[in-house]
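**Student:** Need coordinates for the following:
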Amino acid sequence: VSAEAVYAHSLGWRIAMPSNAADAVGLLRAALRGHDPTIFLEHRALLDTPVSRRPYPGDDYAIEFGQANIVQTGNALTIVTWGEMLHRCLEAAQSFGDQIEIIDLRTISPWDKDTVVSSLRKTGKCLIAHEDTRTVGFGAEISATLTEACFASLDAPIKRLTTKDLPIPYNPSLMAEVIPTVADLAAEMENLLSW
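**Tutor:** Purely as a prediction, here's the structure:
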């Protein structure tokens with residue numbers, strides 16, 4: 001199970017969870033230049049894979065913590081995600097055209113509330129997708145914040161698609177049974193779009 005929520009509960013620590021090599025470079029450089037302790041979480045499924053590869057962004061490239069990336073713009077549904085789950089969300093959203101806006105948080109502590117709130121106010125619907133457990137996962141914190149900030153803008157309930165509350169198996173076939181798949185994500189996107 002991904003442990004970002006456990007670390008987010010430790011006040012004073014910055015937490016990075018990049019989805020690609022360029023973001024990893026930028027966040028690591030910002031962490032090294034900063035004065036706060038940082039926990040850097042790298043997903044093993046992203047190590048030297050085609051979806052995570054990027055050209056080297058240069059020796060001065062840095063990404064400010066708490067600055068999300070709008071990876072895909074859309075007008076009917078906001079997807080909030082991070083780490084490897086971003087790539088599953090991008091694949092799942094391919095058949096929905098310009099309806100889906102996908103936000104890669106990049107950092108969990110701090111997380112970019114302003115970008116997410118602005119997107120949700122535009123689309124009126126939100127799906128939070130991550131690999132941590134549903135119970136006490138970081139998506140619950142995001143959902144609570146969005147409910148407080150955007151309740152009057154909501155056209156559907158804020159949904160979470162997460163790993164099931166089970167121990168994570170190491171067998172790839174069994175792992176696919178507990179972690180949200182591209183098909184799971186596409187089905188939830190379609191459900192929210194038709195709400």
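**Student:** Strands along the chain, start to end?
**Tutor:** Ranges of strands in the chain, per DSSP state E, are 14-16, 38-40, 69-72, 77-81, 100-104, 107-109, 126-133, 159-163.
**Student:** how many neighbours does Val116 have?
**Tutor:** By other CB atoms under 10 Å, 24 other residues sit near Val116. Glycine gets a C-beta too; all of them are placed from N, C-alpha and C.
**Student:** ok so, going back, so can I have a markdown table of the strands of the chain showing mean pLDDT?
**Tutor:** A markdown table is the format used below for the strands of the chain (pLDDT from 0 to 100):
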| stretch | mean pLDDT |
| --- | --- |
| strand 14-16 | 96 |
| strand 38-40 | 94 |
| strand 69-72 | 98 |
| strand 77-81 | 98 |
| strand 100-104 | 98 |
| strand 107-109 | 97 |
| strand 126-133 | 95 |
| strand 159-163 | 96 |
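**Student:** Can you tell me which of those is nearest to Pro169?
**Tutor:** Nearest to Pro169, of all those, is strand 159-163, at 11.2 Å by CB to CB.
**Student:** returning to that earlier point: packed most tightly, which of the strands of the chain would that be?
**Tutor:** Burial of the strands of the chain is given as mean neighbour count (mean count of other CB atoms under 10 Å); strand 77-81 ranks first at a mean of 28.
**Student:** From the contact counts, what lies against that one?
**Tutor:** Strand 77-81 sits against strand 100-104, helix 113-123, strand 126-133, helix 182-193, with contacts defined as 3 or more CB pairs under 8 Å, 6 or more residues apart in numbering; DSSP states H and E.
**Student:** Can I get the longest one as CSV, trimmed to CA atoms?
**Tutor:** Taking only C-alpha atoms (Å, rounded to 0.1, in the frame of the first residue of the first chain), the coordinates of helix 182-193 have been written out as CSV:
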residue,chain,number,x,y,z
VAL,A,182,-7.8,1.5,-16.4
ALA,A,183,-11.2,-0.2,-16.9
ASP,A,184,-12.3,0.7,-13.3
LEU,A,185,-11.3,4.3,-13.9
ALA,A,186,-13.0,4.6,-17.3
ALA,A,187,-16.2,3.2,-15.8
GLU,A,188,-16.2,5.7,-12.9
MET,A,189,-15.5,8.5,-15.3
GLU,A,190,-18.4,7.5,-17.5
ASN,A,191,-20.6,7.2,-14.4
LEU,A,192,-19.8,10.7,-13.2
LEU,A,193,-20.1,12.3,-16.6
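**Student:** What residues of it count as buried?
**Tutor:** For helix 182-193, the neighbour count (16 or more other CB atoms under 10 Å) marks Leu185, Ala186, Glu188, Met189, Leu192, Leu193 as buried.
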